[in-house]
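A.B. asks: Fold the following.
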Amino acid sequence: MDEKTDRIALAAELTAAWLANPNTRPEADAVPAFLASMHAALVKLDAPAEADRQSEARSEAEYPPATTARKSLASPDHIISMIDGKPYRTLRRHLSRNGLTPEEYRARYNLKSDYPMVAPAYSEVRRAMAKQIGLGRKTKTAEVEAASPAPTPRRKLKVATPA
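C.D. replies: Numbering: from 1, shown residues only. Below is the predicted model:
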């Protein structure tokens, strides 16, 4: 027997088991449909690798990039989105609106794991602003404590006990 005959026989056995169940009372039209669905499920289980390859090829075809990775990073002022080809200073909100995480975006368009989500010029502006308002520095009380010498430990005095 070949694979096709095996699948048909297994689908027929599953259908017979379904019909033998006292809790099911199918109509006559439902039996061929159930048999066909069982056969389709067995075929799908028999060749998952081929289906994965086809779905992977479909997903690549469904999402053609709007630009190349090199062109998307050409300007320091913005990053061009591979989804719609528009420039953005940061891609995070744009990706979330399209239902993607940065990791999914990178995977969809075969980008490296260090592909930036923020334009370099925008990142530098934010860094300068944070530095100006004092983010990342220790507080003044911590600076004062660090500058003052540590207190020397005190010696314990021996107290004479009456004998």
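
A.B. asks: Secondary structure element for Leu14, which one?
C.D. replies: helix 3-20 (DSSP states H and E).

A.B. asks: What is that helix packed up against?
C.D. replies: helix 30-46 (3 or more C-beta pairs under 8 Å, 6 or more residues apart in numbering; DSSP states H and E). To be clear about C-beta, it is placed using only N, CA and C from the backbone, and glycine gets the same treatment.

A.B. asks: by how many degrees do the helix it packs on and helix 3-20 diverge?
C.D. replies: 130 degrees (axes from the mean of the first three to the mean of the last three C-alpha atoms, to 10 degrees).

A.B. asks: helices and strands around helix 30-46, which ones?
C.D. replies: By 3+ C-beta pairs under 8 Å, 6+ apart, helix 30-46 packs against helix 3-20.

A.B. asks: Show me the contact partners of the helix it packs on.
C.D. replies: Met1, Thr24, Pro26, Val31, Phe34, Leu35, Met38, His39, Leu42, Val43, Asp46 (C-beta atoms under 8 Å, 6 or more residues apart in numbering).

A.B. asks: next one: stretch 85-96
C.D. replies: For stretch 85-96, using C-beta under 8 Å, 6+ apart, the contacting residues are 66-67, 75, 77-81, 83, 101-102, 104-105, 117-119, 122.

A.B. asks: how does it look with 6 Å?
C.D. replies: Ala66, Thr67, His78, Ile79, Ile80, Ser81, Tyr105, Met117, Val118, Ala119, Tyr122 (C-beta atoms under 6 Å, 6 or more residues apart in numbering).

A.B. asks: pLDDT of it, averaged?
C.D. replies: Stretch 85-96 carries an average pLDDT of 95.

A.B. asks: Lys86 versus Met129, what's the distance?
C.D. replies: Counting by C-beta to C-beta, to the nearest Å, the gap from Met129 to Lys86 is 25 Å.

A.B. asks: Sorry, slip of the keys, the one I care about is Val43.
C.D. replies: Counting by C-beta to C-beta, the gap from Val43 to Lys86 is 43 Å.

A.B. asks: More neighbours: which of those two?
C.D. replies: The residue with more neighbours, out of Val43 and Lys86, is Val43; 14 against 11, by other C-beta atoms under 10 Å.

A.B. asks: Helix, strand or coil: sort out Glu27 for me.
C.D. replies: What DSSP: H, G, I helix; E, B strand; the rest coil gives for Glu27 is coil.

A.B. asks: Give me the neighbour count for it.
C.D. replies: Neighbours of Glu27 (other C-beta under 10 Å): 7.
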